[in-house]
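> What follows is a predicted structure for the sequence shown.
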Amino acid sequence: MEKIFHIADFGAKPDLGEDAVPAFLRVIEAAGTQDCPVKISLTKGRYDFYPEHAAKVPYYVSNTASETENPDVTKTVGIWFKGIKNVTLDGNGSLFVFHGKMTPLVIDSCEHIEIRNLSIDFERATMSELEVEAAGPHHLDVRVKRDSWYAFDNSELFWVGEGWRYQGGPAGQYDPANNTIRRIPHPVMEAVKIEELEPNRLRLHYATDVPETKVGNIFQLRDGIRDQVGAFVVHSRDVTWSKVGMHFMHGLGIVCQFSENVSFDEMSMKPRVDSGRTCAGFADLIHVSGCRGLIRVENSDFEGAHDDAINVHGTHLRIVDRPSPYQIVVRFMHGQSYGFEPFFAGDEIEFIRARSLTAYSSNTVQAVQRLDARDWLLTLDNPSPDSAEEHDVVENVTWTPQVTIRNNRFARIPTRGILVTTRRKVLIENNRFERTGMSAILIADDAESWFESGLVRDVTIRNNRFVACGDADHPVILVAPENREVRAEQPVHLNIRIEENVFEQTDADILHAKSTSGLYVLNNEIAGAASSGKPIRPEDAVSLLACSDVVISGNRLV
């Protein structure tokens, strides 16, 4: 029988502006002592979370920040689930508002956790927004949004918040006319002079022409360091998110790392309408690194990020030493991924040739030893191959998930809607992609740049609608492993089916594919291409390099 804990009984009452962190610490501690399932229930309203009493916990998080960018990996955690099972947090429609730089929620070493019926936002987002009001030949007049606080220091403009400030960083431009965000040079940092015309109205002076923009567009300026994340699911299993609004996330978004069976249903990953903001995500909205089981994302709305909506991958570690026949030293190579344990005893690994991205040997991990945050000593069941070459990598085969992404909407994304590289079954079905700045779907795999693994073996992209995605340089769907040795008889990816989709396109091809065998492009509809003059046949919208066993059939132009 489920036991219900009311948060009010632990000291948190809504709409008072008081710090809810202590009450949540108490109720989660109490929930962890129960032998039966527990529901933490809230009276509907607004709950505020401040950093003073929040847990301060060191976490290494994939794809966030290097040692130089962020030497302190401590996360300031508002709601911390640690080592418990069978707990549901039901917000009953409540709004959680966080203050300062925080990671709102962490689920660490837990089982059967459900987060539902709540929304998460920040009092002051680390994203500052300015609306263009007028443009001259060498100046722009902009209005600063009401919650984008700023200050001048020796004539220099700084963006300020609750316990933080920043100046430069990445920038985007939101065009409400077509609901797009595009990455741009920083319009404030490029100005030679900043004049305050009145509170929240600035004139940006330029030595040459003004940045390309128009009245009504909005500049989005963010802190560049991913020192916190939107939420973190780590070393956990059977975690469910249902009817949750993630309206702003500082750093990376919801990160799932070395966890099993995580599902998202009816998520609202976009700004609250009444906030006046236009961006919900500092970077990716959902980021999955080194997981297994089923990753499921359904019936959700992704709108307004500064990077990809969903990214699912593993991590290639480079082989840097072979102390004995049964041991290898492997290293995290990308600056923004390191520190977390990448292998466990009993895990199956494959040795991957860096130049071709093909596997040439497999083994089982017997023991793992951390040498430092980047280097790890693996003891193996069998001798490592003598044929290993410089720059070759290993992939953790055990921690690769099955993925289902279905019935979602992706809009206002400057890069890609979905990145996915996993060897287990992938289904991308019944989604709507609107005007992604780059390819709507990317299947990559690399061992020399981001080091995001791995091979795909069974991908179905079916019954989706792509609306004006990509451009002349970015096809709607891109299969682009970063192998240097490219031969049709040596494919990287296998068995990709692209069928019964609708592509509403103008100048973007529907598919570029490289080093893939078993590629099927079947019964898709390409709308708008005939009137644009490109292509004249469906086959002309597909570009192939070193692919084999390809079937392109039943596609039509309308």
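Cool, the structure landed. Numbers count the residues shown, from 1 in each chain.
> only C-alpha atoms for contact and neighbour calcs from this point on.
Noted.
> And the lowest mean pLDDT element among the helices and strands of the chain?
helix 529-532 (a mean of 58; mean pLDDT, DSSP states H and E).
> Following element in sequence after that one, please.
Later in the chain than helix 529-532, the nearest helix or strand by DSSP states H and E is strand 542-545.
> Which strands and helices lie in contact with the very next helix or strand once past that following strand?
Once the chain leaves strand 542-545, the next helix or strand it forms, by DSSP H and E, is strand 548-553. Identification of packing neighbours for strand 548-553 by 3 or more CA pairs under 8 Å, 6 or more residues apart in numbering; DSSP states H and E yields strand 516-522.
> what helices or strands is the helix or strand following the strand it packs on leaning on?
Where DSSP H and E defines the elements, the next helix or strand beyond strand 516-522 is strand 525-527. Other elements packing on strand 525-527 under the criterion 3+ CA pairs under 8 Å, 6+ apart are strand 502-504, strand 556-557.
> run the last query once more with 10 Å
strand 465-467, strand 502-504, strand 556-557 (3 or more CA pairs under 10 Å, 6 or more residues apart in numbering; DSSP states H and E).
> Mean neighbour count, mean pLDDT and distance to residue 549 added to these, as JSON lines?
Formatted as JSON lines, those follow (neighbours: other CA atoms under 10 Å; pLDDT from 0 to 100; distance: least, CA to CA, whole Å):
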{"stretch": "strand 465-467", "mean neighbour count": "22", "mean pLDDT": "98", "distance to residue 549": "25"}
{"stretch": "strand 502-504", "mean neighbour count": "22", "mean pLDDT": "97", "distance to residue 549": "23"}
{"stretch": "strand 556-557", "mean neighbour count": "16", "mean pLDDT": "92", "distance to residue 549": "21"}
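> Can you get me a residue count around residue 126?
28 (other CA atoms under 10 Å).
> Neighbouring strands - and their directions - for the top strand by length along the chain?
Longest strand in the chain, counting residues (DSSP state E): strand 85-98. Here strand 85-98 is paired, per DSSP bridges, with strand 38-41 (parallel), strand 46-49 (parallel), strand 111-122 (parallel).
> quick one, helices of the stretch 1-150 of the chain?
Under the criterion DSSP state H, counting those that start in this stretch, helices of the stretch 1-150 of the chain are mapped to 21-31.
> For it, give me the ranges with low pLDDT.
Regions of the stretch 1-150 of the chain meeting the criterion pLDDT under 70 are absent.
> so when I look at residue 274, I'm seeing a helix, right?
Yes. The assignment for residue 274 (DSSP: H, G, I helix; E, B strand; the rest coil) places it in a helix.
> And the pLDDT for it?
On pLDDT, residue 274 comes in at 91.
> What's the local residue count around it?
6.
> circling back: for the helices and strands packed on strand 525-527, please prepare a markdown table with the additional fields distance to residue 49.
Output for the helices and strands packed on strand 525-527, formatted as a markdown table (distance: least, CA to CA, whole Å):
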| stretch | distance to residue 49 |
| --- | --- |
| strand 465-467 | 39 |
| strand 502-504 | 44 |
| strand 556-557 | 53 |
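> out of those, which comes closest to residue 342?
Nearest to residue 342 among those is strand 465-467; the distance by CA to CA comes to 35.6 Å.
> now the angle from the longest strand of the chain to helix 21-31?
For strand 85-98 against helix 21-31, the angle by axes from the mean of the first three to the mean of the last three CA atoms, to 10 degrees is 170 degrees.
> Please name the residues that touch residue 435.
Each residue near residue 435 by CA atoms under 10 Å, 6 or more residues apart in numbering is listed here: 178-181, 410-417, 466-471, 476, 504-505.
> Just the buried residues from these, in ChimeraX please.
Restricted to buried positions by 16 or more other CA atoms under 10 Å, the ChimeraX selection for those reads:
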select :179,180,181,410,411,412,413,414,415,416,417,466,467,468,469,470,471,476,504,505
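> circling back: and residue 158, which of the helices and strands packed on strand 525-527 is closest to it?
Closest of those to residue 158 is strand 465-467, at 37.9 Å (criterion: CA to CA).
> next helix or strand past the closest one?
Beyond strand 465-467 toward the C-terminal end (DSSP H and E), the next one is strand 477-479.
> what's the helix or strand for the most centrally placed residue in the chain?
Centroid check for the chain by CA atoms, centre = their mean gives residue 284 as the closest residue, at 2.7 Å. Applying DSSP H and E as the criterion places residue 284 outside every helix and strand.
> Identify the residues contacting it.
Listed by CA under 10 Å, 6+ apart, the contact set of residue 284 reads 63, 230, 249, 251-255, 305-311, 413, 415-418.
> Leaving out the residues flanking it, which one is nearest to residue 28?
Among residues not flanking residue 28 along the chain, residue 81 sits closest, at 6.8 Å (CA to CA, 6 or more residues apart in numbering).
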